[in-house]
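Peer 1: Provided below for reference: sequence and predicted model.
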Amino acid sequence: MGFPGTPARWREPIVFYLMVERGPGVSRSRGFSRPRKGAGRYLVILEVVTLAGIRIVHAADFHAGRPAPAYLGEEKGRLRREELVKALQTTVDVAKSESVHLLLISGDLFEHTYSRVGMIREMFALFERIPATRVFISPGNHDPYVDGSFYATLKMPDNVHVFKERTITRVILDDPGVVVHGLGWTKFEETARLLSGYRCPDGEYPNVLVVHGDFVRDSTGSSYLPIFPEDIEGSGADYVALGHIHVRTEFQCGTATCVYPGSPEPLDFGEVGEHGVYLVELGKGSVKTKFVPTAKRKMHRVSCDITGADTLEKVCAAILSVGEPSERKGGLWEVTLTGVADPEIDLDLDEIKRAISNEFFYVKLVLDVVPDYNVAAIASSNVQGLESRFVRAIMEEREQAKAAANEARVRLLEKALYFGLDAMKLKRVVHRGIVRDSE
């Protein structure tokens with residue numbers, strides 16, 4: 001069985017000709033790719049078909065039309081919005097190059113509230129580039145099949161099927177031999193377990209289930225179409241094409257292979273790592289998956305230790321040591337400054353950002369350094385001044401919080417300790433842990 005990307009000639013039927021020669025005391029057989037003629041020979045034709053399986057591209061959560069975050073500014077914000085739209089073109093290009101049978105889009109293709117009709121019309125037209133590929137779309141909570149939906153008002157290419165009902169329906173494709181099951185959101189919130197009790201009919205074809213929902217493992221439920229393990233385990237599906245979670249996730253649930261492909265383009269700093277689509281090769285009881293990176297940009301979340309950097313120039317140099325220049329120029333970065341810093345240094349994040357911003361597509365700075373105060377010496381001072389009394393009081397409360405295993409209060413008291421010392425020693429408060437240009 002070949003994987004997607006196998007040359008087309010490898011997937012064609014191969015005909016072998018078996019030539020059997022018989023004579024006194026002789027029995028020989030030879031195989032040829034073309035028939036040969038000969039007296040006293042019997043020709044047997046064997047046709048062997050190499051099975052490449054059903055080839056699928058699975059994608060979800062494009063969120064085309066989503067407003068760009070304000071921190072990017074007008075020019076880069078416009079560029080980023082365009083990149084979210086172009087992600088569908090890239091996905092279609094993958095489907096075309098791999099000659100897939102199916103393209104599955106598991107919801108949130110676009111933003112119902114913010115999208116323009118011209119943009120959506122151009123996106124739908126992209127499916128015309130792959131007329132031999134059947135496209136199945138399961139609307140999600142951001143692009144539900146509601147009154148005025150573009151799914152209802154715009155004409156779709158003939159190869160596109162949109163699941164427009166809240167209950168599961170199925171489409172049987174004799175060529176290539178697969179059953180596709182799915183449903184669509186018909187409102188912006190869904191708390192019901194719409195998959196509960198559904199069972200794919202048994203048959204010779206493998207079953208694919210396409211749905212936008214929230215896989216949950218406890219009884220708390222979800223406002224985003226909760227899907228419980230038993231809902232999938234009892235469904236009889238071979239492959240479950242999920243959408244809603246923006247970070248790619250693959251797991252087994254009973255005999256079903258379940259995949260959240262993640263968003264093709266990362267949308268915020270919680271979505272670090274590679275983003276793209278999945279290539280799937282499906283047979284009855286057999287699933288192979290392969291992740292294909294397609295994102296134009298990556299989100300990066302890193303820490304930068306500035307211990308010993310006693311000037312702003314050295315702090316900037318430390319920040320510019322993260323990643324390669326090409327990664328910085330092409331990516332969106334959240335850099336948290338850590339370590340021990342001289343409290344006398346004015347770590348003005350706005351000034352630092354102005355000095356380094358040209359080296360990044362975008363950079364967000366977080367200050368989380370520890371000022372180089374000798375807290376123990378201040379607390380043990382014989383001078384009963386405000387500083388020593390303040391430090392001792394905070395340290396006593398911190399020990400009590402530690403004894404109670406109250407980590408949140410421990411962190412709060414540590415920040416209070418440094419804020420107080422900043423105010424008394426520097427006559428100002430350094431806003432550690434504060435994000436500049438935050439979302």
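Peer 2: Sure thing, it's come through.

Peer 1: CA atoms for contacts and neighbours, from now on please.
Peer 2: OK.

Peer 1: since we're on residue 305, how many residues are nearby?
Peer 2: Using other CA atoms under 10 Å, residue 305 has 17 other residues around it.

Peer 1: the one 10 residues further on now?
Peer 2: For residue 315, the neighbour count with other CA under 10 Å is 19.

Peer 1: got a pLDDT number for residue 221?
Peer 2: Looking at residue 221, its pLDDT is 82.

Peer 1: that one - how many residues pack around it?
Peer 2: Other residues close to residue 221 by other CA under 10 Å number 17.

Peer 1: check residue 270 too.
Peer 2: With other CA under 10 Å as criterion, residue 270 counts 12.

Peer 1: backbone phi and psi for it, please?
Peer 2: Per-residue torsions, residue 270: phi -80, psi 0 (degrees, to the nearest 10).

Peer 1: all strands for the stretch 301-439 of the chain, in order.
Peer 2: Taking DSSP state E, counting those that start in this stretch as the criterion, the stretch 301-439 of the chain contains strands spanning 332-338, 340-341, 362-367, 370-371.

Peer 1: next one: the third one to chain centre, how far?
Peer 2: Spelled out, it's strand 362-367. With CA atoms, centre = their mean, to the nearest Å as the basis, strand 362-367 stands 22 Å off its chain's centre.

Peer 1: buried sites along that strand?
Peer 2: Using 16 or more other CA atoms under 10 Å as the test for burial, strand 362-367 gives 362, 363, 364, 365, 366, 367.

Peer 1: which parts of this protein are helices?
Peer 2: Assignment of helices within the chain using DSSP state H yields the ranges 73-97, 117-125, 150-153, 229-233, 312-319, 325-330, 349-356, 375-379, 386-403, 407-425.

Peer 1: let me know the average pLDDT across stretch 251-259.
Peer 2: The average pLDDT within stretch 251-259 is 96.

Peer 1: before we move on, what about stretch 292-310?
Peer 2: 96.

Peer 1: for the helices of the chain, give me TSV that also has distance to residue 142.
Peer 2: Below are these laid out as TSV (distance: least, CA to CA, whole Å):
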stretch	distance to residue 142
helix 73-97	15
helix 117-125	14
helix 150-153	12
helix 229-233	23
helix 312-319	37
helix 325-330	28
helix 349-356	34
helix 375-379	51
helix 386-403	43
helix 407-425	35
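
Peer 1: so which of those helices is nearest residue 281?
Peer 2: helix 73-97 (12.7 Å; CA to CA).

Peer 1: show me what that closest one packs onto, helices and strands only.
Peer 2: Secondary-structure packing of helix 73-97 (3 or more CA pairs under 8 Å, 6 or more residues apart in numbering; DSSP states H and E): strand 54-59, helix 117-125.

Peer 1: right, so these: which one is the most enclosed?
Peer 2: Across the helices and strands packed on helix 73-97, averaging neighbours per residue (mean count of other CA atoms under 10 Å) puts strand 54-59 on top, at a mean of 26.

Peer 1: hey, C-alpha coordinates of that one in PDB?
Peer 2: Provided in PDB are the C-alpha atoms of strand 54-59 (Å, rounded to 0.1, in the frame of the first residue of the first chain):
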ATOM      1  CA  ILE A  54      -8.300   6.200  -0.100                       C
ATOM      2  CA  ARG A  55      -6.200   9.300   0.000                       C
ATOM      3  CA  ILE A  56      -7.400  12.200   2.100                       C
ATOM      4  CA  VAL A  57      -6.400  15.700   3.100                       C
ATOM      5  CA  HIS A  58      -7.800  16.800   6.400                       C
ATOM      6  CA  ALA A  59      -7.800  20.400   7.600                       C
END
